[in-house]
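[1] Here's my sequence, what's the structure:
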Amino acid sequence: MKILIVEDEQAMRETICTSLQKEKFVVETASDFSSAMCKVNDYDYDCILLDIMLPGGSGLDVLRELKRLHRSDSVLILSAKDSLEDKVTGLELGADDYLTKPFHLAELNARVKSLIRRRHSKGEISLTLGNLTLFPDDRSASVSGQALQLNRKEFDLLYYFAVNPNRVIHRTSLAESVWGDNIDQADSLDFIYSQVKNLRKKLKQTEASVELKAVYGFGYKLTLL
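    Residues are numbered from 1 along each chain as shown. Next up, the predicted model:
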């Protein structure tokens with residue numbers, strides 16, 4: 001699951017980033033309006049943490065761009081301005097929640113997880129496809145009630161497929177969703193191939209009622225058997 005932090009205060013940005021990484025999220029950051037716009041125009045995110053006051057522009061303008069693009073990224077506004085007008089404007093533009101600074105990191109993490117559940121699992125703490133069930137909060141999965149042993153990257157890949165069932169997903173999109181800005185560390189797309197191969201084998205061995213199918217020259221898709 002991939003998070004974008006749009007925050008101009010370096011200390012705050014780094015603190016939030018470290019906290020979310022400890023929760024095993026893939027985290028990318030932007031420190032001003034321009035870099036934020038580049039990110040949201042090029043990539044999809046499970047959740048965007050968005051400060052309203054940014055160098056070079058406004059977080060509200062970032063929201064307007066997301067709305068124009070018909071994007072479904074969850075947005076949590078972070079702002080030191082406890083203004084009803086800003087809050088109402090942000091929510092009207094499509095933000096999902098609003099958190100006023102200063103805040104506790106535990107509350108921030110809980111709200112991020114809640115927004116992601118709301119987006120992908122209709123508020124439930126699990127996601128089920130056939131006899132496969134995924135629990136995103138603790139990054140675990142089961143098949144017919146039996147634990148499915150996955151490493152972190154395998155779970156992240158499976159979750160990405162599960163929230164996009166029957167959708168053909170390009171290998172580059174998979175790499176970006178799982179590694180974010182660290183995509184170069186993934187040893188190109190060979191590592192994706194290896195992880196998907198292992199994942200397909202585990203699903204087959206446990207008799208999961210879902211299958212990862214290769215789409216020649218493009219990527220993969222998850223389908224029910």
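
[2] I figured residue 107 hits residue 99, correct?
    Yes. Residue 107 lies in contact with residue 99 (C-beta atoms under 8 Å); the separation is 7.3 Å. Bear in mind the C-beta positions are built from the backbone N, C-alpha and C, glycine included.

[3] Neighbour count for these two, which is higher?
    Using other C-beta atoms under 10 Å, the more surrounded residue of residue 107 and residue 99 is residue 99, with 16 against 10.

[4] who does the one helix or strand the more buried one maps to touch, helix- and strand-wise?
    For residue 99, the element it lies in under DSSP states H and E is strand 97-100. Judged by 3 or more C-beta pairs under 8 Å, 6 or more residues apart in numbering; DSSP states H and E, strand 97-100 is in contact with strand 74-79, helix 84-92, helix 105-121.

[5] where does residue 79 land on pLDDT?
    Residue 79 is assigned 82 on the pLDDT scale.

[6] meant to ask about residue 129
    Residue 129 carries a pLDDT value of 93.

[7] could you pull out the helices for the chain?
    In the chain, the helices defined using DSSP state H lie at 10-22, 33-42, 59-68, 84-92, 105-121, 152-162, 171-179, 190-205.

[8] Which residue ranges make up the domains of this protein?
    2-121, 127-224 (automatic domain parsing).

[9] coming back round to it: which of the helices of the chain sits closest to residue 211?
    helix 190-205 (6.9 Å; C-beta to C-beta).

[10] quick revisit: partner strands of the strand holding residue 99, with direction?
    strand 74-79 (parallel) (DSSP bridges).

[11] quick one: the strand it pairs with to helix 105-121, angle?
    Per axes from the mean of the first three to the mean of the last three C-alpha atoms, to 10 degrees, the angle that strand 74-79 makes with helix 105-121 is 150 degrees.

[12] who touches stretch 111-122?
    Residues outside stretch 111-122 that contact it (C-beta atoms under 8 Å, 6 or more residues apart in numbering) are 1, 3, 20, 23, 25, 46-47, 49, 72, 74, 76, 96-97, 99, 123-125, 127, 136-137, 163.

[13] Next, the buried residues of it.
    Using 16 or more other C-beta atoms under 10 Å as the test for burial, stretch 111-122 gives 111, 112, 113, 114, 115, 116, 117, 119, 120, 121.

[14] No more questions from me, cheers.
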